[in-house]
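J.: Coordinates only, no sequence provided:
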Ligand SMILES: NC(=O)CC[C@H](N)C(=O)O
């Protein structure tokens, strides 16, 4: 009986939200009281009324139900189209300052586990989902999503029309919003908060980078390893700049045999060069690359002296260090299904992406090659400057979450380091086009 009542409630609510393309009206908010939530077993009713608001800077107000932490939080709303991997997304430090809206409507069904963390914390501003799973079922599940977010003080909302918000972001571009469970604040106050905050020009890297250098040894666990991992001439020492580095970048480098020293974002270039590394990795990281001129300076002082690999924020910083410009995209790329063409091999990769900024290739100096393009919009997705032993990707070869098509990039970096070791004036390195297939 109880099961029947629950399933009716869910489908009824799903229908009302599926057909709504405008901000939920008071009537719709009333309808959503039918949605169920696990009872804590302490006599609470097993459903919940709307108790949260998402107020966007365009004046739209989205009533929702809260889970995780409560409070009031401002952030930039971005939508992510990944079908799986919400835990990796929650722990990707590049989402600092942002609310992640998942377009996949059903979230929380696998709970969270000990192994899928991409960093030691959740740095994002909040999570926006359509439907919160009423139960968790996975052999690795250690905790329910709501409890995990509450412990980490991250706000989540559900029972909100994520399709309508996504359409709005696609049409109007990224929007700042305020999430609040605080009834004492008026809609107007929340709107003013969202209008008076901006993510552009803010150094978000300093809030997510490690504080001191350390060694990294963890590899991809054997049961998840999908590549032979064997590359002749491994055992290279890589210094990895932590601009908000995802652990899977480090795991993949370790799996390929690299010895890794992770250093903070402010670590001087001279100290790095003193370590005599075989290569330097510039990691992913949150926010506006133009807000961190100190990092661009560091990159400038390293390129040309040792092989380098930039991923996402690292790619953008390399673009700026080479004299190029970065710009803010309309709504960016966030998801595990972005087609990219590798212009060196002609192959198309399905890639994992998470960025709102991009390098404008027209502003780059001669000799810098665009190696990859995003096939959805033609934007620059990868660069190489063979004369300076430099390669970079705007997306995520570590693919966590995401497809593994681009893992070969780590082999290319190792190849670049190998060539760097043998480098002579007559024998300038060329990026080889290693491909896993
Ligand atoms: N994943 C990242 O490194 C993101 C890069 C940068 N913060 C952007 O949004 O474009």
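T.: Sure, I can see it. As the structure is a prediction and not an experimental result, all values here were calculated from the model.
J.: Need the three-state assignment for residue 149.
T.: What DSSP: H, G, I helix; E, B strand; the rest coil gives for residue 149 is helix.
J.: I'd say it and residue 143 touch.
T.: No: if you go by Cβ atoms under 8 Å, residue 149 and residue 143 don't touch, sitting 9.9 Å apart. (Glycine included, C-beta is placed from N, CA and C.)
J.: neighbour count winner among these two?
T.: Higher neighbour count among residue 149 and residue 143: residue 149, with 23 against 14, using other Cβ atoms under 10 Å.
J.: residue contacts, the closest residue to that one other than its chain neighbours?
T.: In space, not counting the residues next to it along the chain, residue 149 is nearest to residue 68; the distance is 2.9 Å by Cβ to Cβ, 6 or more residues apart in numbering. With contacts defined as Cβ atoms under 8 Å, 6 or more residues apart in numbering, residue 68 is in contact with 126, 127, 145, 146, 148, 149, 150, 152, 154, 155, 156.
J.: Against the ligand, which of the residues you listed make the cut? List them.
T.: Among the contacts of residue 68, not one lies near the ligand by Cβ under 6 Å from any ligand atom.
J.: Quick check: PyMOL command selecting the buried ones in those.
T.: PyMOL command restricting these to the buried ones, with burial defined by 16 or more other Cβ atoms under 10 Å:
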select buried, resi 126+127+145+146+148+149+150+154+155+156
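J.: Look up phi and psi at residue 73.
T.: The phi/psi pair for residue 73 (degrees, to the nearest 10) reads phi -140, psi 140.
J.: How much space separates it from residue 153?
T.: Distance of residue 73 to residue 153, computed by Cβ to Cβ, to the nearest Å: 10 Å.
J.: Residue 128 now?
T.: Distance, residue 128 to residue 153, using Cβ to Cβ: 17 Å.
J.: who's more crowded, these two?
T.: Using other Cβ under 10 Å, the more surrounded residue of residue 128 and residue 153 is residue 128, with 29 against 13.
J.: Can you tell me the element the nearest residue to the more buried one once chain neighbours are set aside falls in?
T.: Using Cβ to Cβ, 6+ apart and skipping residues adjacent in sequence, the residue nearest residue 128 is residue 101, 4.0 Å away. In the assignment (DSSP states H and E), residue 101 maps to strand 98-102.
J.: got the contact list for that strand?
T.: Under the contact criterion Cβ under 8 Å, 6+ apart, strand 98-102 has outside partners 54, 73, 75-80, 82, 86, 89-90, 124-130, 162, 165-166, 169, 177, 179, 199, 286, 334.
J.: do that again at 6 Å, thanks
T.: 75-80, 89, 124-129, 162, 165 (Cβ atoms under 6 Å, 6 or more residues apart in numbering).
J.: tell me which of the residues you listed is nearest to residue 342?
T.: residue 80 (23.6 Å; Cβ to Cβ).
J.: average model confidence for stretch 275-284?
T.: Averaged across stretch 275-284, pLDDT comes to 98.
J.: Centre of the chain to it, how far?
T.: 21 Å (Cα atoms, centre = their mean, to the nearest Å).
J.: Also stretch 164-184?
T.: The chain centroid and the centroid of stretch 164-184 are separated by 19 Å, computed with Cα atoms, centre = their mean.
J.: List the buried residues for that stretch?
T.: Under the neighbour-count criterion of 16+ other Cβ under 10 Å, stretch 164-184 has 164-166, 168-169, 174-181 buried.
J.: show me which of these neighbour the ligand.
T.: Among those, no residue lies close to the ligand (Cβ under 6 Å from any ligand atom).
J.: Least confident of these?
T.: Within those, residue 174 has the lowest pLDDT, namely 93.
J.: and that residue, what are its phi and psi?
T.: Phi and psi for residue 174, reported as degrees, to the nearest 10, are phi -60, psi 140.
J.: so can I have JSON lines of the contacts of residue 68 showing secondary structure and pLDDT?
T.: Putting the contacts of residue 68 into JSON lines (DSSP: H, G, I helix; E, B strand; the rest coil; pLDDT from 0 to 100) gives the following:
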{"residue": "126", "secondary structure": "strand", "pLDDT": "98"}
{"residue": "127", "secondary structure": "strand", "pLDDT": "98"}
{"residue": "145", "secondary structure": "helix", "pLDDT": "98"}
{"residue": "146", "secondary structure": "helix", "pLDDT": "97"}
{"residue": "148", "secondary structure": "helix", "pLDDT": "98"}
{"residue": "149", "secondary structure": "helix", "pLDDT": "98"}
{"residue": "150", "secondary structure": "helix", "pLDDT": "98"}
{"residue": "152", "secondary structure": "coil", "pLDDT": "98"}
{"residue": "154", "secondary structure": "coil", "pLDDT": "98"}
{"residue": "155", "secondary structure": "strand", "pLDDT": "98"}
{"residue": "156", "secondary structure": "strand", "pLDDT": "98"}
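J.: now, among the contacts of residue 68, which is nearest to residue 249?
T.: Using Cβ to Cβ, the contacts of residue 68 come closest to residue 249 at residue 152, 21.7 Å.
J.: Surely the closest one is in contact with residue 122?
T.: Yes: in this structure, residue 152 is within contact of residue 122 by Cβ atoms under 6 Å, at 4.7 Å.
J.: So for residue 166, what's the nearest residue that isn't a sequence neighbour?
T.: Nearest to residue 166 is residue 79, by Cβ to Cβ, 6+ apart, at 4.6 Å.
J.: Give me the neighbour count for the one you found.
T.: Residue 79 has 23 neighbouring residues, counting by other Cβ under 10 Å.
J.: For residue 178, give me its contacts.
T.: Contacts of residue 178 by Cβ under 6 Å, 6+ apart are 55, 74, 190, 193, 194.
J.: next helix or strand past the helix or strand harbouring it?
T.: Using DSSP H and E, residue 178 sits in strand 175-180. Counting by DSSP H and E, the next helix or strand C-terminal to strand 175-180 is helix 187-195.
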